[in-house]
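Visitor: The sequence and its predicted three-dimensional model are supplied below.
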Amino acid sequence: MTHHPWHPAVVHFPIACWVLATLVDVSGWFIELPPIPGIEWAGVSHLLLWGGVLLAVPAIVAGVVDYIRLPEEVQESAELSRHVAAMAAAWLLFLGAAIWRVRSAPFASAPSWGIMLLEVAGSACLIVGGRFAAAVVFERIATTYSSRRDVRSAT
């Protein structure tokens, strides 16, 4: 690759928002989170949830740009297709949780079990999608560029 891929650099922001929102919501159901004057934990997780949904848009755009620049054999790999599917599912699950949250309760109220289940399922998709991303980077891309270097040095 002759350019710096932006997708790996920007995906950390939505992932962090979603994981933190899920942790705050799930933790809040089982333990009393420490009070912070002027801060409602449910409101914080609500903002994190929507922040992740919105910050995922530039990550998706960067992913598409980086995808276009990948070699064809990497573009057509099963691992990349599975990464895209898992991350699309995560985004849709977190979007669904965010919309459900807006429609079901006031801003600073705790989410329902259904919303938390969507968040946990979204987090599971992030883990699966991350595993496939690692396979793309460390197996497909590394192998592709390594074999291309070998071919060039042999000629």
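Guide: Structure's in. What do you need?
Visitor: For Ile115, give its distance to Pro5.
Guide: Look at Ile115 and Pro5: by CB to CB, to the nearest Å, they are 33 Å apart. All C-beta atoms are positioned from the backbone trio N, CA, C, and that covers glycine.
Visitor: Looking at these two, which one has more neighbours?
Guide: Ile115 (22 against 17; other CB atoms under 10 Å).
Visitor: Tell me if that one really is in a helix.
Guide: Yes. Under DSSP: H, G, I helix; E, B strand; the rest coil, Ile115 sits within a helix.
Visitor: wait, doesn't it sit right on Arg103?
Guide: No. Taking contacts as CB atoms under 8 Å, Ile115 lies outside contact range of Arg103: 10.3 Å.
Visitor: need the contact list for the nearest residue to Ser123 once chain neighbours are set aside.
Guide: Among residues not flanking Ser123 along the chain, Thr22 sits closest, at 5.1 Å (CB to CB, 6 or more residues apart in numbering). When contacts are counted by CB atoms under 8 Å, 6 or more residues apart in numbering, Thr22 is found next to 45, 116, 119-120, 122-123.
Visitor: What score does Thr22 have for pLDDT?
Guide: The per-residue pLDDT reported for Thr22 equals 97.
Visitor: begin at 31 from here
Guide: Okay, residue one is now 31; in that scheme the one you just asked about reads as Thr52.
Visitor: which SSE is it in?
Guide: helix 42-60 (DSSP states H and E).
Visitor: That'll do, ta.
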